[in-house]
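*Asks:* have a look; sequence and predicted model below, questions after that.
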2 protein chains.
Amino acid sequence: MSDEVQGWLAERTALVETVLERTLPDPARPPQTLHAAMRHLVFPGGKRLRPALAMAASEAVGGTPEAALPMAVAVELIHTYSLVHDDLPCMDDDDLRRGRPTVHIEYGEEVAVLAGDALQSLAFETLAMGAGKERAAATIADLARAVGAAGLVGGQADDLTQGPGCGDVESVLSIHARKSAALIAVSVVGGARLGGADEDLLFELDEFGREVGVAFQITDDLLDAGEDEGCSLVPLLGEADCRERAEALLATALARIAVLDERAEPLRALARFAVRRGV
Amino acid sequence: MSDEVQGWLAERTALVETVLERTLPDPARPPQTLHAAMRHLVFPGGKRLRPALAMAASEAVGGTPEAALPMAVAVELIHTYSLVHDDLPCMDDDDLRRGRPTVHIEYGEEVAVLAGDALQSLAFETLAMGAGKERAAATIADLARAVGAAGLVGGQADDLTQGPGCGDVESVLSIHARKSAALIAVSVVGGARLGGADEDLLFELDEFGREVGVAFQITDDLLDAGEDEGCSLVPLLGEADCRERAEALLATALARIAVLDERAEPLRALARFAVRRGV
């Protein structure tokens, strides 16, 4: 990332941190354990890639980063809830995430289930309260579809039940599209919708987000190669082919938004970063 | 319930069954197991009390039952998700519900977590798609607050962590208010909002719903007395006092809506039924 984009990102990330802090319930107020558990994976968080995409998408279509904040916060809350539930003993059974104990290790399994549940509700509450009446319903519908049985949760269900190898390239791509790309695409679409994009542009940005999202997940497969967790394209295609596919998806995605002016540069830079990180 | 109200209820319940059937994803389409698990506790369901309250509230304020359908369906989906997660081994660890195996017994624990998660998303999707732009955001905010850390999930968290006896009357009432009454109140408020009620009336209906909801839960405590599951007022106050409190809450609640005309009769009858069932 150029210095310019890194500066852009630092400012936007500071903004989203502030609003996340304000959005999560106060851990000093009851029920304290639930509130602490809800915050455990949010602070400190990860790269905040999804919030950054939402704000970049708003700016790419001529909106402000602030307009996209309800979506930026909502997708980070959803991302966190999905990690908390994925880490549970009955799912991926992970004790550590980002070098810290997972929520069920720190607070118990029942609290982890409930904290994930409350984070999901809070995501929708944030959109309903912040997005402006005329656009709230559309962004909430977008988000709910992206994360429900047809999206994130359905992808995770298939990931868990596919068994070793996860079948052929097509079924791994289908899982990647739902488990990872749907939330990335809705971050872009939701941010752009709140930034004022029209339906034609939203369609292209949705496709852009899905392509970047699948390429992002292929990069994840490459970075995790050998760790043997979840469905991966690497054992099916090999590293060189995977890298090529990720680059091809990125190129297609960037071509879709070639029509946008220089205000789309941060969005393009984030897409490249998502796909090329660690390379 | 009078024959007239029973006829009213049968018609409304048939309506909500049809829309629930249309709303839940097709179990013949993938991911089949997830879809089947989402349907497991919805069909056959329970009394459909919350959907009936939503439709009765709409009619009480001069709206149609159809106007309240998105809320009626959403609260039933939320109610079902909360039961699926409450039954999990790490929570109440129940093998049976309504005489059938619980979702995690039938489909596995990981599928039960995911099915609950997807039911929650589907509730918000249903409101976002069905409620009409101008009212969708308000009903979604109402619902999200009622079911999140300050409502249903917070009440369940306290219920699980209170330990035997659950403390004093005040803390049991606080748990009842969040774990049971919040969803009942939002069924009434959401239905009335979609039926066109103004803010003053919504305030009274919210209080009405909370009072009926707590009284409903006290009745549950009375019906479950001796089963020793979760927090209960019965060991703290005795059966006679509990019955008296439930009746007093019902009377206060009904007095709040005395101003409404005969179109509120089904709402009144449902409130009486909720509090007096099994007596």
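*Replies:* Now that the structure is in, tell me what you want to look at. Numbering: from 1, shown residues only, chains lettered A, B, ... in the order given.
*Asks:* so where is the stretch 101-250 of chain A shaky, pLDDT-wise?
*Replies:* The model of the stretch 101-250 of chain A has pLDDT under 70 over residues A:163-165, A:226, A:228-229.
*Asks:* and the residue nearest to residue A:30 when sequence neighbours are not counted, which helix or strand is it part of?
*Replies:* Nearest residue to residue A:30 in three dimensions, chain neighbours excluded: residue B:158, at 7.4 Å (Cβ to Cβ, 6 or more residues apart in numbering or on different chains). In this view, the C-beta of every residue, glycine as well, is placed from N, C-alpha and C. Element membership of residue B:158 [criterion: DSSP states H and E] is helix B:152-161.
*Asks:* next one: that helix to chain centre, how far?
*Replies:* 16 Å (Cα atoms, centre = their mean, to the nearest Å).
*Asks:* hmm, the helix or strand following that helix touching chain A?
*Replies:* Remark: after helix B:152-161, the chain's next helix or strand is helix B:169-176, criterion DSSP H and E. No: using Cβ under 8 Å from any Cβ of the partner chain, helix B:169-176 never reaches chain A; the gap is at least 9.0 Å.
*Asks:* tell me what helix B:169-176 is packed against?
*Replies:* helix B:152-161, helix B:199-224, helix B:234-237 (3 or more Cβ pairs under 8 Å, 6 or more residues apart in numbering or on different chains; DSSP states H and E).
*Asks:* who touches the helix or strand following the last one?
*Replies:* Spelled out, that is helix B:234-237. Once helix B:234-237 ends, the next helix or strand along the chain (criterion: DSSP H and E) is helix B:239-256. Helix B:239-256 has contacts (Cβ atoms under 8 Å, 6 or more residues apart in numbering or on different chains) with B:204-205, B:207-209, B:211-212, B:214-215, B:218-219, B:221-222, B:225, B:233-234, B:237, B:268, B:271-272, B:275-276, B:279.
*Asks:* residue A:107: what's it in contact with?
*Replies:* Applying Cβ under 8 Å, 6+ apart, the residues contacting residue A:107 are A:33, A:36, A:37, A:40, A:115.
*Asks:* hmm, back to that, quick one, which of the contacts of helix B:239-256 are buried?
*Replies:* Using 16 or more other Cβ atoms under 10 Å in any protein chain shown as the burial test, the contacts of helix B:239-256 include B:204-205, B:207-209, B:211-212, B:214-215, B:218-219, B:221-222, B:233-234, B:237, B:268, B:271-272, B:275-276 as buried.
*Asks:* those: which ones sit near chain A?
*Replies:* Counting by Cβ under 8 Å from any Cβ, nothing from the buried ones among the contacts of helix B:239-256 sits close to chain A.
*Asks:* list the contacts for residue A:91?
*Replies:* For residue A:91, the contact set (Cβ under 8 Å, 6+ apart) comprises A:85, A:156, A:160, B:110, B:113.
*Asks:* that one and residue A:84, how far apart?
*Replies:* 10 Å (Cβ to Cβ, to the nearest Å).
*Asks:* flag every residue of the stretch 101-250 of chain A that's near chain B.
*Replies:* So the stretch 101-250 of chain A meets chain B at A:108-111, A:113-114, A:116-118, A:120-122, A:124-125, A:127-129, A:131, A:133-134, A:136-138, A:140-141, A:143-145, A:147-150, A:153-154, A:156-158, A:160-161 (Cβ under 8 Å from any Cβ).
*Asks:* could you flag which of these are buried?
*Replies:* Buried by 16+ other Cβ under 10 Å: A:108-111, A:113-114, A:116-118, A:120-122, A:124-125, A:127-129, A:131, A:136-138, A:140-141, A:143-145, A:147-150, A:153-154, A:156-158, A:160, out of these.
*Asks:* pretty sure residue A:13 sits in a strand.
*Replies:* No: under DSSP: H, G, I helix; E, B strand; the rest coil, residue A:13 sits outside any strand and is assigned helix.
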